[in-house]
Each structure stands twice: as structure tokens, then as C-alpha cells.
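J.: make a model of this:
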Amino acid sequence: MEIRQDDPKGAHVTELLTHHLRELQEVMAQHAFALDASGLSVPGVTFWTAWNNDVLAGFGAMKELDPEHGEVKSMRAAPAARGTGVGRAMLRHIIAEARKRGYRWLSLETGTATLHAPAIALYRSAGFLSCDAFADYRPSLHNQFFRLDLSLA
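T.: Numbers count the residues shown, from 1 in each chain. As a prediction, the model looks like this:
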């Protein structure tokens, strides 16, 4: 699997990103905070795609909240790539990049619907712990928050 920095507005990303946003809107409505291609293209957000040969397997992004704090944004495995390790590979990549940038913390917001269970298990297995809402998020029954202390081994 190859992970590379990419353009979230690229035609090769459109279908998977549209699927991602539509699915989240269906289960979270106004509590879905996933970024669209424009939001993933702003300064301070880095976007990556994961590839199995020449097939898009997934994507992920990281947003800088401040010089010591990053946020995992919009991770998604392509439906055909679920269960192949693409999510774990992308999360490892994002964590490594956060450490390289010198962040102390890496946070994320995700949903509480059943479809989020595999992602939550992945985040917990990587050491993320539940935390309070951060940045501009407001807690609801539809979302939950996690944080990884990057100063730990």
C-alpha cells in the first residue's frame, strides 16, 4: 500500500468523498463535521490517499489546530478495501506525521452510530482515549471525541 499527499479536489477522489459525506449525513445530520473537498483543501489541512497498486483504497487528513495539536479528519476506506488494513495504515501515517511535526496531541471527532464501531475500535487500538469536546465542537448524542498523547511512547 502506498500513501501519498494528494489533492482532495482530484477527480479520482470525488466518488469516495461523496460517498463518505452522504453516509455521514444520513446517520448524523447536522452533527456531521466531515470536510468536503474545499474544506480539505484549506491551508492547515493535509490530505493523503492510500493506494493498492493503481486502485484508490482510502483517504485521510490532518488539520493543524495549533503548533502542538493536530486533528485527524475524514478518514475513509473505500468499500472494497474495508478490512484490508487501509484504515490502520492511514492512521499510522497520520500519527507519524503528527509526531514529525512536533505535535503533543492528536484529537478526533467521530460519530456514535453503528457504522462508526470499526473506526472507534481502530482509534482505541492505536491508543486514543475518550476526551471532552475540543476546538469548536459541541458535544451531542451523535458524536464523541478522542485524543492521543503523542508524548507517550
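
J.: what's the neighbour count on residue 59?
T.: 25 (other Cβ atoms under 10 Å). Where C-beta positions appear, they are placed from N, C-alpha and C, glycine not excepted.

J.: ditto for residue 34
T.: That count, for residue 34 with other Cβ under 10 Å as the rule, works out to 21.

J.: now do the phi/psi pair for residue 3.
T.: Backbone torsions of residue 3, given as degrees, to the nearest 10, read phi -110, psi 130.

J.: would you mind measuring from it to residue 34?
T.: In this view, residue 3 and residue 34 are 19 Å apart by Cβ to Cβ, to the nearest Å.

J.: again, but for residue 139
T.: 17 Å.

J.: can you list the low-confidence ranges for this protein?
T.: Along the chain, segments meeting pLDDT under 70 span 27-32, 153.

J.: show me where this structure has its strands.
T.: 2-5, 45-52, 55-66, 69-77, 105-111, 129-131, 143-149 (DSSP state E).

J.: check the ones you listed for me and report the most buried one.
T.: strand 69-77 (a mean of 24; mean count of other Cβ atoms under 10 Å).

J.: tell me what that strand is packed against?
T.: Of the remaining helices and strands, those touching strand 69-77 by 3 or more Cβ pairs under 8 Å, 6 or more residues apart in numbering; DSSP states H and E are helix 11-28, strand 55-66, helix 86-100, strand 105-111.

J.: dump those into CSV; add distance to residue 48 as well.
T.: Formatted as CSV, the helices and strands packed on strand 69-77 follow (distance: least, Cβ to Cβ, whole Å):
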stretch, distance to residue 48
helix 11-28, 11
strand 55-66, 6
helix 86-100, 6
strand 105-111, 15
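
J.: which one of these lies closest to residue 45?
T.: Taking Cβ to Cβ, strand 55-66 is the member of the helices and strands packed on strand 69-77 nearest to residue 45, at 4.7 Å.
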